[in-house]
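Engineer: need coordinates for the following:
(chains A and B, ligands or ions: 2)
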Amino acid sequence: MNVFESIRIAFRALNANKARSILTMLGVIIGVAAVILLVAIGTGVQGDITGQIEGIGSNLLFVFPADLEGGGGGPGGGGFGGTAFAVEDAALIERRIEGLDAVVPVIEGPATAERGNRSIKTVISAGNEDVDEVFAAELAGGRNYNASEVQAGARVVGLGSTVAEELFPGQDPVGEEITIEGQRFVVIGHTEPQGGALTGDQDNQIYMPYTTAQRLLGTRDVGIIIVKASDPEEVDLKSAQITRLLRPKFGDNVTVFSQEQTLALLSTILGTLTFMLAGIAGISLLVGGIGIMNIMLVSVTERTREIGIRKAVGARTYDIMSQFVIEAVALSVAGGVIGIALGALGAWAIDSLVPTQITWWAVAMAFLFAGAVGIFFGVYPAWRASRLDPIEALRYE
Amino acid sequence: MSGCDDTPDIPGSPVEATGCGGDVVLETIDVSKCYDLGEIQVHALRGVDLRICDGEMLAIMGPSGSGKSTLMHLIGMLDTPTSGRIIVGDQDVSDLSPNRLAAMRNKEIGFVFQSFNLLARTSALVNVELPLIYSGVTGGKRSQRAKDALERVGLEHRLGHYPSQLSGGQQQRVAIARALVTEPSIVLADEPTGNLDTYSGIEVMMMLQDLQAHGITVVVVTHDEDIARHCERIVRLRDGHVIDEEIVADRLIAEQEAQEMTPEEAWE
Ligand SMILES: Nc1ncnc2c1ncn2[C@@H]1O[C@H](COP(=O)(O)OP(=O)(O)O)[C@@H](O)[C@H]1O
Ligand SMILES: [Mg+2]
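Structural biologist: Ligands and ions are numbered 1, 2, ... in the order given. As a prediction, the model looks like this:
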């Protein structure tokens, strides 16, 4: 008897017991759908974040006034709140280190922006005239602030797309005035939407010269200095130079992340997370497999007489074995296919809320794993069936 | 502890049931079957010598528990003897592996059981195809042979019917079609009329006699003297021994009986 014959017999048996077959498959369906969906979310978020970081350019360095690598514990260590840079530190870097395209001190703070009776809670993100070298946002209209505006602390702002839309729905904001914390500013530009639902709304920001922000927010603290190296090859060298330069003043409380490091770190975290999610979902797939085994054992007992008849007319051990293994595999693979479809559908459905991405390896793994579950949990019941004594089996009521 | 190794003698000298003329298709030589249940041993057969000749119709009779079914299982290669030899054609099948036995059954034997033993959720046609599936006959050839077999038992209009949609007599005819579809050398019938009314029983015997007329050896296990008298030879068992062998003098012909039956009797 060939394999096709076994497949035909198996499907006839599954078809004869539709409700049970579907309920048995449900375990695998849920498991596979969960694997596909969770991996899609993990991969999607990972891609989203790396995409955002990559958008900025590949030769950036982020200088933090904190010991982010030492694992804490040292005196004065830890926390952004502990220490802060000053604008002078950025100037120092610019003056003393060669081969840099841009050095941007970034000052951030919350603020409320208003126009007429419209208002929005937003975040000020302030830098110097080189800011367009290090920020990913693209201009949708107008221009960035320039060197003289930075020098003068001019009251000019660029709007993130969320802010622009909130305050100027359907209008061009360039040249208009808005009020931030009671002070008046002229809008000179606005940016394209960047997306990034999970990393906080990148579009709910207002850009302005750091000099202006210092006055507006009443702080001189620089939270981060972003540096762009002229040569991507020199990123590590520049990182070391900056650390050495700032050591006398800040000791260990300086951390320089290159973009690559940031990417690698995020990738590792998200990759681990994705695998954990897939693992948890995989457990439910295992439970589905146990369900298949359970039903197959019941089925073997119920069909003892059938097995006896088949053996009497000439079925060999192998014929009975393959019939039942194929039944189990058909259940799990059909469940796998439906699960993949449902998982993909779910991923597509929530894509507007959470970025998702279906990967071929997740689909292939889920499919193969489902098949393996069928074989693994099907073999034992099938073996039991194949070993039944035909006389006993024929006598069975 | 004695186990199944030694067979205690019991009173009464055994008889050899070797009295058929012609070529021998199946022969048991001093065959014993003992079931070891730990505490006790059941000697179901104690040295049976039986020859079945090519093309004959043989009845095996005996009271309940005399070993008829055990003997039939051995002849049908569903089981192997504790001691002794079973020769089918010119092959010794006494020690074959289960898979080799399955292949031999498929090729040489057709079974008809008292309780029909059809697959329930399966049409008459596919039930008859079943042995052919395991002998590797495929596709149109397979269904054609199954249709031919069903036609031989007069069920060509019931191909797609399920067993539950058929009467007992019709179900047993499907079983006979399944037994003959592989063109076996022997058809074994264990109490084939036991679950049937008189008329259906006679119909079944008619078909078994028809098989014999077409050259197939038929063995009928029964405790019913009337059924046994449809055969040419009767072998009687008791306590696992052959105690008697008889050539049937005035053999019953089922076709005549069916014609002689009044319609009332036929439909009782
Ligand atoms: N599988 C078995 N295990 C134990 N004893 C058995 C088994 N099969 C049959 N026997 C015993 O063997 C004897 C012969 O049984 P069987 O061949 O079925 O007789 P019959 O068909 O003539 O009624 C009986 O005593 C029966 O109880
Ligand atoms: Mg019996």
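Engineer: near chain B, anything from stretch A:7-17?
Structural biologist: Yes: using CB under 8 Å from any CB of the partner chain, stretch A:7-17 reaches chain B at A:I9, A:R12, A:A16. In short, each C-beta sits where N, CA and C put it, glycine included.
Engineer: which one of these is nearest A:P169?
Structural biologist: Closest approach between those and A:P169, by CB to CB: A:A16, at 62.4 Å.
Engineer: that closest one contacts B:R121, doesn't it?
Structural biologist: Yes: counting by CB atoms under 8 Å, A:A16 touches B:R121, with 4.6 Å between them.
Engineer: ok, A:V35 to chain B distance?
Structural biologist: Per CB to the nearest CB, to the nearest Å, A:V35 is found 34 Å from chain B.
Engineer: make sure that residue is indeed in a helix.
Structural biologist: Yes: counting by DSSP: H, G, I helix; E, B strand; the rest coil, A:V35 is part of a helix.
Engineer: list the contacts of it.
Structural biologist: Listed by CB atoms under 8 Å, 6 or more residues apart in numbering or on different chains, the contact set of A:V35 reads A:A278, A:A281, A:G282, A:L285, A:G339, A:G343, A:A362, A:M365, A:A366, A:F369.
Engineer: who wins on neighbours among those?
Structural biologist: A:G339 (30 neighbours; other CB atoms under 10 Å in any protein chain shown).
Engineer: average pLDDT for stretch B:152-170, rounded please.
Structural biologist: Here stretch B:152-170 scores 94 as its mean pLDDT.
Engineer: ok, residues contacting that stretch?
Structural biologist: For stretch B:152-170, the surrounding residues in contact (CB under 8 Å, 6+ apart) are B:116, B:118-125, B:127, B:147, B:150, B:171, B:173-174, B:176-177, B:180, B:195-197, B:199-200, B:203-204, B:207, B:210.
Engineer: need the buried ones from these selected in PyMOL.
Structural biologist: Command for PyMOL, covering only those of the contacts of stretch B:152-170 found buried under the criterion 16 or more other CB atoms under 10 Å in any protein chain shown:
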select buried, chain B and resi 116+118+119+122+123+124+125+127+147+150+171+173+174+176+177+180+195+196+199+200+203+204+207+210
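Engineer: any idea where the strands of the stretch 101-250 of chain A begin and end?
Structural biologist: For the stretch 101-250 of chain A, strands defined by DSSP state E, counting those that start in this stretch occupy the ranges A:118-127, A:139-142, A:156-159, A:177-180, A:183-191, A:205-209, A:224-229.
Engineer: now render those strands as JSON lines, adding mean neighbour count.
Structural biologist: As requested, these are arranged in JSON lines below (neighbours: other CB atoms under 10 Å in any protein chain shown):
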{"stretch": "strand A:118-127", "mean neighbour count": "20"}
{"stretch": "strand A:139-142", "mean neighbour count": "16"}
{"stretch": "strand A:156-159", "mean neighbour count": "28"}
{"stretch": "strand A:177-180", "mean neighbour count": "18"}
{"stretch": "strand A:183-191", "mean neighbour count": "19"}
{"stretch": "strand A:205-209", "mean neighbour count": "26"}
{"stretch": "strand A:224-229", "mean neighbour count": "24"}
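Engineer: dump those strands into CSV; add distance to B:T70 and mean pLDDT as well.
Structural biologist: Conversion of these to CSV gives the following (distance: least, CB to CB, whole Å; pLDDT from 0 to 100):
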stretch, distance to B:T70, mean pLDDT
strand A:118-127, 91, 92
strand A:139-142, 93, 88
strand A:156-159, 96, 94
strand A:177-180, 101, 93
strand A:183-191, 92, 93
strand A:205-209, 91, 93
strand A:224-229, 91, 90
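Engineer: so which of the ones you listed is nearest A:D236?
Structural biologist: Within the strands of the stretch 101-250 of chain A, the stretch nearest A:D236 is strand A:224-229; the backing value is 9.4 Å (CB to CB).
Engineer: returning to that earlier point: just the ones of the residues of stretch A:7-17 next to chain B in helices?
Structural biologist: Counted as lying in helices by DSSP state H, out of the residues of stretch A:7-17 next to chain B, are A:I9, A:R12, A:A16.
Engineer: what residues does chain A have near chain B?
Structural biologist: Going by CB under 8 Å from any CB, the residues of chain A near chain B are A:1-2, A:5, A:9, A:12, A:16, A:305-306, A:308-319, A:390-391, A:394.
Engineer: who does the helix or strand harbouring A:D89 touch, helix- and strand-wise?
Structural biologist: Here A:D89 sits within helix A:87-96, counting by DSSP states H and E. Counting contacts by 3 or more CB pairs under 8 Å, 6 or more residues apart in numbering or on different chains; DSSP states H and E, helix A:87-96 is packed against strand A:100-115, strand A:224-229, helix A:235-250.
Engineer: now these in TSV, with distance to A:I49?
Structural biologist: Putting these into TSV (distance: least, CB to CB, whole Å) gives the following:
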stretch	distance to A:I49
strand A:100-115	19
strand A:224-229	17
helix A:235-250	20
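Engineer: among the ones you listed, which comes closest to A:T211?
Structural biologist: Closest approach to A:T211 among the helices and strands packed on helix A:87-96 (CB to CB): strand A:100-115, 9.4 Å.
Engineer: so which of the contacts of A:V35 comes closest to A:I29?
Structural biologist: In terms of CB to CB, no member of those lies closer to A:I29 than A:G339, at 4.3 Å.
Engineer: okay but the closest one is in contact with A:G27, surely?
Structural biologist: No: the pair A:G339 / A:G27 is not scored as a contact, 9.8 Å apart, by CB under 8 Å.
Engineer: tell me the domain ranges of chain A?
Structural biologist: Using automatic domain parsing, the domain ranges for chain A come out as A:3-50+A:266-395, A:66-253.
Engineer: tell me which of those sits most buried.
Structural biologist: domain A:3-50+A:266-395 (a mean of 20; mean count of other CB atoms under 10 Å in any protein chain shown).
Engineer: quick one: mean pLDDT for that domain?
Structural biologist: pLDDT averaged over domain A:3-50+A:266-395 gives 89.
Engineer: touching ligand 1 at all, that domain?
Structural biologist: No: using CB under 6 Å from any ligand atom, we find that domain A:3-50+A:266-395 stays clear of ligand 1, coming within 6.9 Å at best.
Engineer: centre of the chain to stretch B:111-125, how far?
Structural biologist: Centre-to-centre, stretch B:111-125 and its host chain are 15 Å apart (CA atoms, centre = their mean, to the nearest Å).
Engineer: could I get it in PDB with only the CA atoms?
Structural biologist: Output in PDB follows, covering the C-alpha atoms of stretch B:111-125 (Å, rounded to 0.1, in the frame of the first residue of the first chain):
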ATOM      1  CA  PHE B 111     -13.000 -14.300   5.600                       C
ATOM      2  CA  VAL B 112     -16.700 -14.300   6.300                       C
ATOM      3  CA  PHE B 113     -17.700 -13.700   9.900                       C
ATOM      4  CA  GLN B 114     -20.900 -14.300  11.900                       C
ATOM      5  CA  SER B 115     -21.100 -10.600  12.700                       C
ATOM      6  CA  PHE B 116     -20.200  -9.500   9.100                       C
ATOM      7  CA  ASN B 117     -17.300  -7.200  10.200                       C
ATOM      8  CA  LEU B 118     -17.800  -4.500   7.600                       C
ATOM      9  CA  LEU B 119     -16.400  -1.000   8.100                       C
ATOM     10  CA  ALA B 120     -19.400   1.000   9.300                       C
ATOM     11  CA  ARG B 121     -18.800   4.400   7.800                       C
ATOM     12  CA  THR B 122     -17.700   3.000   4.500                       C
ATOM     13  CA  SER B 123     -19.700   2.200   1.400                       C
ATOM     14  CA  ALA B 124     -20.200  -1.400   0.200                       C
ATOM     15  CA  LEU B 125     -17.900  -0.700  -2.700                       C
END
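Engineer: up against chain A, what does the stretch 101-250 of chain B have?
Structural biologist: B:102-103, B:105-107, B:111, B:113, B:117-122, B:130-131, B:133-136, B:138, B:178, B:182.
Engineer: the same query, at a cut-off of 6 Å, please.
Structural biologist: Within the stretch 101-250 of chain B, the positions adjacent to chain A are B:A102, B:R105, B:N106, B:F111, B:N117, B:L119, B:R121, B:L130, B:P131, B:I133, B:Y134 by CB under 6 Å from any CB of the partner chain.
Engineer: many thanks, have a good one.
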